[in-house]
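[1] quick one, structure for this:
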Amino acid sequence: MPPRLAIALAAAALLAAPARATTVRSLDVGELAAQAGLVFEGRVLSRVSRAGARGAIRTCVAFEVLEVVKGPAIATPYELCFAGGASGRRAVRVDGMRYPEPGEHGIYFVADPRGGRVNPLLGWDQGRFLVQGGAAPFVATADGAPVADVARDPAPAPGPSRGVARGARIARPGEGALTPAAFKARVRELAGAGAP
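    Modelled structure (predicted):
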């Protein structure tokens, strides 16, 4: 077998192999605020998976934009596309990927508003905060834990993310959580202060 053909076949086999784990670097809330190209509050209108021209499957989520916290003005609905999903009889699973669900209300830190990433949210779930609570809304992590405060975390993080941005302090029992307005004000302060 010619060497070029052997290399091409080996590369194709590696690309076709399913991913078993996804490692995402731990970020702090200050890094999220400073590095995000776009931060917005929105509500998920719809989610659809589709196959591209080369067979890649993407799951695209349409958001109603309620407020841009940082970055360029964007039209509503605004679409973010994530790698993976199911289209027809094909499915591509990306380990660790959680797609926003229709009806979800949140504040999203987008790495690059132009797209082109496996997960457009900076730090994956680290860049996804939910707005919960109905008539008395509060901010929670992507896993639903109420957030009492957000700040820079000066400690170095030599490791992978655990799904929650460092510096997002989880509320203790009986302690109030940040309102969306207070959370957005803190994000604006952190974004204005620049990277740590």
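
[2] pLDDT (mean, whole number) over stretch 147-163?
    Taken as a whole, stretch 147-163 has an average pLDDT of 80.

[3] CA atoms only: put it into CSV for me.
    This file holds the C-alpha atoms of stretch 147-163, laid out as CSV (Å, rounded to 0.1, in the frame of the first residue of the first chain):
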residue,chain,number,x,y,z
VAL,A,147,-25.8,31.6,42.2
ALA,A,148,-25.3,34.0,45.2
ASP,A,149,-22.4,36.0,43.7
VAL,A,150,-19.9,36.1,40.8
ALA,A,151,-16.4,37.4,41.0
ARG,A,152,-12.9,36.7,39.7
ASP,A,153,-11.2,33.7,41.1
PRO,A,154,-7.5,34.6,41.6
ALA,A,155,-6.5,31.0,42.2
PRO,A,156,-5.0,29.3,39.2
ALA,A,157,-7.0,26.4,37.9
PRO,A,158,-4.7,23.7,36.7
GLY,A,159,-7.3,21.3,35.4
PRO,A,160,-10.5,20.6,33.5
SER,A,161,-13.8,22.3,34.2
ARG,A,162,-16.3,20.7,36.6
GLY,A,163,-19.1,22.4,34.6
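
[4] in it, which residues are buried?
    147, 148, 149, 150, 152, 153, 161, 163 (16 or more other C-beta atoms under 10 Å). Using the backbone N, CA and C atoms, a C-beta is placed for each residue, glycine as well.

[5] chain center to that stretch: distance?
    How far stretch 147-163 lies from its chain's middle: 15 Å, per C-alpha atoms, centre = their mean, to the nearest Å.
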